[in-house]
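>>> okay, structure incoming, though there's no sequence with it:
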């Protein structure tokens, strides 16, 4: 996780001007605040729940076939 955070901050420091001028993205270095991390966890959790339901039904139907 430390490597990921370091890579994110380094890429923002290096490419921050390019992102701002070419794409209009103004990303500050406090991108990993508590609220953003909480929202990221909520999105990841709801994605797992949404993917688990069809995966489970596919597993059940595949296990019934000989």
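Good, I have the coordinates. These numbers come from a predicted model, not from an experiment.
>>> alpha carbons only for contacts and neighbour counts from here, please
OK.
>>> chain center to the helix or strand bottoming out on mean pLDDT in the chain: distance?
Least confident helix or strand of the chain, by mean pLDDT, DSSP states H and E, is helix 2-18 with a mean of 87. Relative to the mean C-alpha coordinate of its chain, helix 2-18 is positioned 16 Å out (CA atoms, centre = their mean, to the nearest Å).
>>> try stretch 5-22
Distance, centroid of stretch 5-22 to centroid of chain: 17 Å (CA atoms, centre = their mean).
>>> do stretch 13-25 as well
20 Å.
>>> follow-up on the earlier one: avg pLDDT for the next helix-or-strand element following the least confident helix or strand of the chain?
Once the chain leaves helix 2-18, the next helix or strand it forms, by DSSP states H and E, is helix 34-64. Averaged across helix 34-64, pLDDT comes to 90.
>>> picking that back up, how about the least confident helix or strand of the chain: buried residues?
For helix 2-18, the neighbour count (16 or more other CA atoms under 10 Å) marks 9, 12, 16 as buried.
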